[in-house]
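A.B. asks: With the sequence up front, the predicted model follows.
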Amino acid sequence: MSVVKGLINTLADPRLFFMLAVTSLVVLVWKREKIAANSVGYGLLGILAVFFIFGSFDPNFRLIVTKPDNVPIVGLIFLLVFFTWYSVREAVLNDRRILAGKGPVEKEESDRVWVWPDLVYTEMISLIVCSVVLIVWSILLKAPLEQPANRSLTPNPSKAPWYFLGLQEMLVYFDPWLAGVVLPGLIIAGLIAIPYIDKNPKGNGYYTFAERKAEVTIFLFGFVILWASLIVLGTFLRGPNWNFFGPFEYWDIHKLEALTNVNLSEYIWVRGMRTGLPTNWFVREIFGIVLVLIYIFVMPVVLARTWFKRYYAKLDAPRYYVGAFLFLMMMALPIKMLLRWLINLKYIVAIPEFFFNI
Amino acid sequence: MADTKKEGAGTRFWNWLTETQIWKSIFRHDRPNTDRTRVLVMLSNVFLHLHPVRLRKSGVKLRYTWCMGGLSFFLFLVLTLTGLLLMFYYRPTLEYAYTDIVGLREHVPLGIMREMHRWGAHAMVITVWLHMFRVFMTGSYKPPREFNWSIGVIMLVLTLLLSFTGYLLPWDQLAIWAITVGSNMARATPFLGHEGPGSALLRLGDVPLIHAYDDARFALLGGSFVGEGALLRFYVLHCVGLPLGIAVLMAVHFWRVRKDGGISGPL
Ligand code: HEM
């Protein structure tokens, strides 16, 4: 038992957790034909259920999972796994039909039906089911109320509401001006921009993967991995001082994690050239600044000629550049994560003089 | 039991009821069991007329919509109703906020309004996300529905803000520290936060224009920390400002679903 728990604790380490999440996405996309089988979907839900039942015997696990505000996230995990699988399954089934020249199922269902009774009844049943679930949930689980607000008593950990924990998790890798302001702003802008960038006329109004591979993969990466899995990580696996704790680990306030993160400028000037850090901030950070500028301004051009050649040809220049910029901004997070994990990089550009750290 | 040859008592009662003047004054048409009355029921009822009269077969299937948009709307209605009831008991001041919540849980027998409001809010965040996910996976944001997707994104943001502002109101440790952590970000807003990059550039001679007492966070909280000003601000936004905003956008959203050709489907 304790071996299994130990193993799961190890696998839940943010680095492995993130890698596992990415790997499952890759497998999902790559092996989608196999994964579309019903047995896989229900099997996944079964494994999850077994995991939570098994876990609930462990006091540390129970403590964190049954915190009233965390209960919805347990539900979210199940729903998300199910719907991710389900939408891919529907896409695969449609793709098979399209390949056989039959067109998507939705095409066959193009006839019009009466809203009354067909839709109104479905709606009514959904409302009743939803109300029953909500009422039972409300009777079984009391809304939390802790001690009265006290400004001189900071709880540890202090967590934002759960739907913002993905952003709070980003704070590990970026300063607040990026993690809390600029990147959320770009997420909103990027979501709004999706329909205006995506020019692919196919896959409008039916599930399909084959006809919009890149779009679906990028969205799944952004939504399921960066958005949802980081929320799960931030909720269940981050404890006091925002340290990592495995799901079966006791939240020890005194757990120490060595902080040996180093800035790029220090790597280059101090460790590389063995001179001290220049006093002028611009000279000191010039390498990082150039790197960031290259990433934002040169990368899209390079990508247009190499990996993204096909997309550059399909989209016009403004769409391509806006899309590439947003894509690179999204990838900034996993890139920074990797740099942190591989070489303990703290900041690429560090100008604390102006609160400007990247 | 009932005589099977004659009409049962229920049917006779129903037939009588639907012929009364009161019934006929409310419902302006016969029971919707013919094509004509099925059109009429949708057109003459202000609530039902959010719907079209007919729609694609795929559009009524759970398989296609997951009913997540509909459930988001339903949860919004539940939250409006339960929120209204909570407002009878709750006063947004440092003196009363916490004790009113305690009172709500201790003095209201069988009270589950607070629970329904809180869990409903969590559930709505989840249903809105799943709705967005479904709309993406069916490619329903593609022309002509681009604009409705954009409205949806704004409603998603408003949903999160509604949840966030409500989180503060119980005024317990959970509340103020979650809001403190969340709103601390505003300090770092570029140019407009006093710890944000570029804010030091905004100065008149020696006088900084952006400091802890006038920056973006101050505007959000009505103070330099989560205190009385923040409670009142969040309360007003939570109970009036944001719900009004999202309600207007929902009206536009539903209108556009119909004007953009109903639920999406292959051409
Ligand atoms: C407050 C939240 C929201 C409510 C109450 C809501 C409600 C609805 C409803 C009832 C529908 C009809 C079809 C269905 O149920 O799926 C719909 C469709 C649609 N929604 Fe939303 N929605 C919300 C948020 C969003 C968000 C966040 C997005 C996208 C980012 C979005 C984009 C769309 C689009 C594009 C359609 C048309 C889909 C189609 O024709 O297949 N909505 N919405």
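C.D. replies: Received the coordinates, thanks. Keep in mind that what you see is a predicted model, and the values were worked out from it rather than measured. Residues are numbered from 1 along each chain as shown, chains lettered A, B, ... in the order given.
A.B. asks: From the ligand, how far off is A:Leu293?
C.D. replies: Using Cβ to the nearest ligand atom, to the nearest Å, A:Leu293 is found at 32 Å from the ligand. Glycine gets a C-beta too; all of them are placed from N, C-alpha and C.
A.B. asks: how about residue 94, what does it touch?
C.D. replies: Picked chain A for this. If you count contacts by Cβ atoms under 8 Å, 6 or more residues apart in numbering or on different chains, A:Asn94 has them with A:104-106, A:206-208.
A.B. asks: try chain B instead
C.D. replies: B:171, B:227-228, B:231.
A.B. asks: Could I get those in CSV, plus columns for pLDDT, neighbour count and secondary structure?
C.D. replies: CSV is the format used below for these (pLDDT from 0 to 100; neighbours: other Cβ atoms under 10 Å in any protein chain shown; DSSP: H, G, I helix; E, B strand; the rest coil):
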residue, pLDDT, neighbour count, secondary structure
B:Trp171, 93, 23, coil
B:Gly227, 90, 15, coil
B:Glu228, 92, 14, helix
B:Leu231, 95, 24, helix
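A.B. asks: returning to that earlier point: sort out which one of the contacts of A:Asn94 lies nearest A:Val232 for me.
C.D. replies: A:Tyr207 (25.2 Å; Cβ to Cβ).
A.B. asks: My reading is that that closest one lies in a helix. Confirm?
C.D. replies: No. Assigned with DSSP: H, G, I helix; E, B strand; the rest coil, A:Tyr207 falls outside any helix and is coil.
A.B. asks: if we can go back for a sec, determine which two of the contacts of A:Asn94 are furthest apart.
C.D. replies: Across the contacts of A:Asn94 (Cβ to Cβ), the longest gap, 10.6 Å, separates A:Val105 and A:Thr208.
A.B. asks: With neighbour numbers in mind, choose between those two.
C.D. replies: A:Thr208 (26 against 18; other Cβ atoms under 10 Å in any protein chain shown).
A.B. asks: how close does that one get to B:Val240?
C.D. replies: Distance from A:Thr208 to B:Val240, counting by Cβ to Cβ, to the nearest Å: 43 Å.
A.B. asks: Give me the phi and psi angles of the residue in the stretch 1-150 of chain B that the ligand sits nearest to.
C.D. replies: Per Cβ to the nearest ligand atom, B:Gly69 is where the stretch 1-150 of chain B lies closest to the ligand, at 2.6 Å. Here is the backbone geometry of B:Gly69 (degrees, to the nearest 10): phi -60, psi -50.
A.B. asks: Next up, the contacts around it.
C.D. replies: Residues counted as contacts of B:Gly69 (Cβ under 8 Å, 6+ apart) are B:His131.
A.B. asks: switch the cut-off to 10 Å
C.D. replies: B:127-128, B:130-132, B:134-135, B:152, B:250, B:253-254, B:257, B:263 (Cβ atoms under 10 Å, 6 or more residues apart in numbering or on different chains).
A.B. asks: which among those are in contact with the ligand?
C.D. replies: By Cβ under 6 Å from any ligand atom, the members of the contacts of B:Gly69 lying near the ligand are B:128, B:131-132, B:135, B:152, B:250, B:253, B:257, B:263.
A.B. asks: Where does pLDDT dip in the chain?
C.D. replies: Assuming you mean chain A. Chain A contains residues with pLDDT under 70 at A:258.
A.B. asks: please go with chain B instead
C.D. replies: If you take pLDDT under 70 as the line, chain B has these spans: B:1-6.
A.B. asks: Could you list the buried residues of the helix ranked longest in chain A?
C.D. replies: If you go by DSSP state H, chain A has its longest helix at helix A:71-99. Neighbour counts using 16 or more other Cβ atoms under 10 Å in any protein chain shown place A:71-74, A:76-77, A:79-92, A:94-95, A:97-98 of helix A:71-99 among the buried residues.
A.B. asks: swap in stretch A:46-65?
C.D. replies: Under the neighbour-count criterion of 16+ other Cβ under 10 Å, stretch A:46-65 has A:55, A:58, A:60-61, A:64-65 buried.
A.B. asks: With stretch A:155-162 instead?
C.D. replies: Buried residues in stretch A:155-162, counted by 16+ other Cβ under 10 Å: A:157-162.
A.B. asks: could I get the contacts of B:Gly69 as JSON lines with distance to chain A and secondary structure?
C.D. replies: Formatted as JSON lines, the contacts of B:Gly69 follow (distance: Cβ to the nearest Cβ, whole Å; DSSP: H, G, I helix; E, B strand; the rest coil):
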{"residue": "B:Thr127", "distance to chain A": "9", "secondary structure": "helix"}
{"residue": "B:Val128", "distance to chain A": "10", "secondary structure": "helix"}
{"residue": "B:Leu130", "distance to chain A": "6", "secondary structure": "helix"}
{"residue": "B:His131", "distance to chain A": "10", "secondary structure": "helix"}
{"residue": "B:Met132", "distance to chain A": "8", "secondary structure": "helix"}
{"residue": "B:Arg134", "distance to chain A": "7", "secondary structure": "helix"}
{"residue": "B:Val135", "distance to chain A": "10", "secondary structure": "helix"}
{"residue": "B:Gly152", "distance to chain A": "9", "secondary structure": "helix"}
{"residue": "B:Met250", "distance to chain A": "16", "secondary structure": "helix"}
{"residue": "B:His253", "distance to chain A": "14", "secondary structure": "helix"}
{"residue": "B:Phe254", "distance to chain A": "13", "secondary structure": "helix"}
{"residue": "B:Val257", "distance to chain A": "12", "secondary structure": "helix"}
{"residue": "B:Ile263", "distance to chain A": "8", "secondary structure": "coil"}
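A.B. asks: Good, wrapping up.
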